[in-house]
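Asks: here you go, sequence then predicted model.
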Amino acid sequence: MKKGSLEVITGCMSSGKSEEMIRRLRRAQIARLRTIVFKPRRDTRTDEVTVASRDGRTHAAVAVDRPEDILVWIEREEFHGVIGLDEAQFFPSSIVAVAGTLVDRGLRVVAAGLDTDFRGEPFEPVPQLMAVADSVTKLTAVCVCCGAPAVRSQFLAAPPPEGERIQVGGDEKYEARCRDCHQAP
């Protein structure tokens, strides 16, 4: 059996990660392949059956509590096609092994997620996914302060408690910044 592949799309907030993932899945649909997106249930910015990009594109999704639930769903549905993993940074580290299992089963996996947190530090498990990926696409946004290419996600709300890295939110909590304009809390 032919092995699958793992593609990782990464970058800061507002860089178009979900938009690019959805674009790749739409192209797979044109090729008459089945597609599905899995997202962590903790991502409450949209409903549990949809992922959406900032430009309004959407795709059917399944919210899961644990990465291992993806394998159960794949088996139950006898799924063959292309799998999207949205907001990969919200999954626990076991997503790396699950993605590897899916690839070994011959599936194409397209994962999108932040590579750094609001402090500018690597945001696991995305760096680990990048390390084992067949391809990595790193996107940039536009710095809202100076217009330069943005590579960081600026946290706008009150600083979270020490050790808290996951702060679910959109434009009300984050904005894209370049290295010079980013201010780590």
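Replies: All right, it came through fine. Everything numeric in this text was worked out from a predicted model, so none of it was measured.

Asks: how far is the top helix by length along the chain from where the chain is centred?
Replies: Longest helix in the chain by number of residues, with DSSP state H as the criterion: helix 17-30. Chain-centre distance of helix 17-30: 13 Å, with CA atoms, centre = their mean, to the nearest Å.

Asks: for stretch 72-81, same thing?
Replies: That offset, for stretch 72-81, works out to 21 Å (CA atoms, centre = their mean).

Asks: and stretch 175-185, by the same measure?
Replies: Worked out by CA atoms, centre = their mean, stretch 175-185 lies 20 Å from the chain centre.

Asks: in it, which residues are buried?
Replies: For stretch 175-185, a neighbour-count test (16 or more other CB atoms under 10 Å) marks 175-178, 181-182 as buried. The way it works is simple: take the backbone N, C-alpha and C, and place the C-beta from them, glycine included.

Asks: ok, of the residues you listed, which one's closest to residue 102?
Replies: Checking the buried residues of stretch 175-185 against residue 102 with CB to CB, the nearest one is residue 176 at 30.4 Å.

Asks: give me the sheet partners of the helix or strand following the longest helix of the chain and which way each runs.
Replies: As assigned by DSSP states H and E, the chain's next helix or strand after helix 17-30 is strand 34-40. Applying DSSP bridges, strand 34-40 is found paired with strand 58-64 (parallel), strand 81-85 (parallel).
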